[in-house]
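[1] Sequence plus predicted model, see below.
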Amino acid sequence: MSKISDFVKYQRKKLNLTQEELAGKAGVGIRFVRELESGKETIQLDKVDQVLALFGFSVTPDNQHLDPYYVRWNLFNIAVKITLIDKSEKYGIIIQEIITPVENKITAWKFVPNNHAIQYQQKPDDSLTEIIQHASIRQIVPQ
């Protein structure tokens, strides 16, 4: 799957839309939505923009943004590799999201590095964890 296909599928599910409903709201065919979500390599860019516009996005040459809710739903409590903006890498497990009370947004993650994972599993202790600011993360992938 491509990153756009993952993004569209995630946004559609986040809004509890079926593929048919998304197609209708975006003014594209159901076949197009299915091809887009399956990662078809050749699709019409103007139609992609129609779909993305529903979510408040468009195809632009901009820095990639890592959606914290994608992380929470797909990369939580599994072994991950986190690449930070400074290009350093961390290996371990994200165990908790940190939400700002005023904005009610995920702004950071409580993370257990691999070298503390067994010890933390035996006896959870916050001194074995790190707090990683979401804004400092470039990429997160499963290990």
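    Looks like it arrived, so ask away. Numbers count the residues shown, from 1 in each chain.

[2] for the chain, longest helix please?
    When the chain is parsed with DSSP state H, its longest helix is helix 3-14.

[3] Now do the buried residues in the next helix or strand after that helix.
    Per DSSP states H and E, the first helix or strand lying C-terminal to helix 3-14 is helix 19-26. The neighbour-count check on helix 19-26 (16 or more other CB atoms under 10 Å) flags Gln19, Leu22, Ala23, Ala26 as buried. Yep, even glycine has a C-beta here, placed from its N, CA and C like the rest.

[4] could you give the angle of the longest helix of the chain to helix 19-26?
    Computed by axes from the mean of the first three to the mean of the last three CA atoms, to 10 degrees, the angle separating helix 3-14 from helix 19-26 equals 100 degrees.

[5] which residues are contacting helix 3-14?
    With contact meaning CB atoms under 8 Å, 6 or more residues apart in numbering, helix 3-14 is reached by 18-19, 22, 33, 36-39, 48, 51-52, 54-55, 57, 59, 64, 67, 69-70, 73.

[6] Can you flag the buried ones in these?
    Buried among those (16+ other CB under 10 Å): Gln19, Leu22, Val33, Leu36, Glu37, Val48, Val51, Leu52, Leu54, Phe55, Phe57, Asp67.

[7] Now for the most centrally placed residue in the chain: which residues touch it?
    Closest residue to the average C-alpha location of the chain: Tyr70 at 2.9 Å, with CA atoms, centre = their mean. Neighbour list for Tyr70: Asp6, Tyr10 [criterion: CB under 8 Å, 6+ apart].

[8] From Phe7, how far out is it?
    Separation of Tyr70 from Phe7 (CB to CB, to the nearest Å) stands at 8 Å.

[9] swap in Asn77?
    Note on Asn77: its distance to Phe7, by CB to CB, is 22 Å.

[10] Which one of these two is surrounded by more residues?
    Counted by other CB atoms under 10 Å, Asn77 and Phe7 do not tie: Phe7 has more neighbours, with 21 against 10.

[11] distance of that one from Leu66?
    Here the criterion is CB to CB. By it, Phe7 lies 11 Å from Leu66.
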